[in-house]
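Asks: my questions concern the predicted model and sequence given below.
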Amino acid sequence: MSSTVPPHAAPAESRVRARTRRAILTAAASLLARNRGATLAEIAEAADVGRTSLHRYFPDRESLINAVIKDSAGVMSRAIQEARLDDDDPVQTLRRLVATMFDVGDHLLFLFSDPGVRATFESLSEPGARTDAVARLIERGRTEGVFDSKVSNAWIESVFWALIYAGCDAVHKGRLQRHEALNSVLRALENGIRVNGAEEQSV
């Protein structure tokens, strides 16, 4: 007598596997952002799965790290899209982008805290994919006379990412609460790149 698998069984199993994989990737990004030396056992515990289960998805540390890099790159890309950088005035859009980057702070810190991880991330990313939308926002702000035209787009973008990283890092290390770090980044950005802020601080 042959047995048949209920038609809903395979999709249900697939959803469970997807949730487990997502839990592992999310836990790995969060833990590795804080501790580069975190073991697979520690990552499995953080994901609330067994070590054996983790190895079914990722047989070794290298495969897990590469998967987290790809996943974090996707998370960052989607976050930038969701920030709708072509909507609203440049200042409001900038504020929304900063808040969105804080929402994915674990992934950002994971990608940029380690030179090797960052190099792999850059090699996997489409050229300019991460920065094109941000660069367009900066250019729009300069064109509309909102952002300081006396410094280059590249400089403003470098300052943006450096401040975002510093803010997320401060939260992760417990030096600032999220809202404090977010406000600090916004004040530093707006006072540094907005035309009024630049004029007030010029000597």
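Replies: On my side now, so go ahead. In this text the structure is predicted, and so the values were computed from the model without any measurement.

Asks: walk me through the domains of this structure.
Replies: Structural domains of the chain, as assigned by automatic domain parsing, span the residue ranges 1-59, 72-201.

Asks: where does the protein have low pLDDT?
Replies: Filtered on pLDDT under 70, the chain yields the residue ranges 1-13, 124-131, 196-203.

Asks: and the strands in it?
Replies: Shown for the chain, no strands are assigned by DSSP state E.

Asks: how near is the residue most central in space within it to residue 145?
Replies: In the chain, the centroid-proximal residue (CA atoms, centre = their mean) is residue 108; its distance is 3.4 Å. Computed as CB to CB, to the nearest Å, the residue 108 to residue 145 distance reads 30 Å. The C-beta positions use only the backbone N, C-alpha and C, and glycine is treated the same way.

Asks: correct me if wrong: residue 27 contacts residue 42.
Replies: No - the criterion here is CB atoms under 8 Å, and residue 27 misses it with residue 42 at 9.2 Å.

Asks: between these two, who's got more neighbours?
Replies: For residue 27 versus residue 42, neighbours defined as other CB atoms under 10 Å are more numerous around residue 27 (22 against 16).

Asks: quick one, what contacts that one?
Replies: For residue 27, the residues meeting the contact criterion (CB atoms under 8 Å, 6 or more residues apart in numbering) are 43, 46-48.

Asks: go again with 6 Å.
Replies: Neighbouring residues of residue 27 by CB atoms under 6 Å, 6 or more residues apart in numbering: 43, 46-47.

Asks: who wins for neighbours among those residues?
Replies: residue 43 (25 neighbours).
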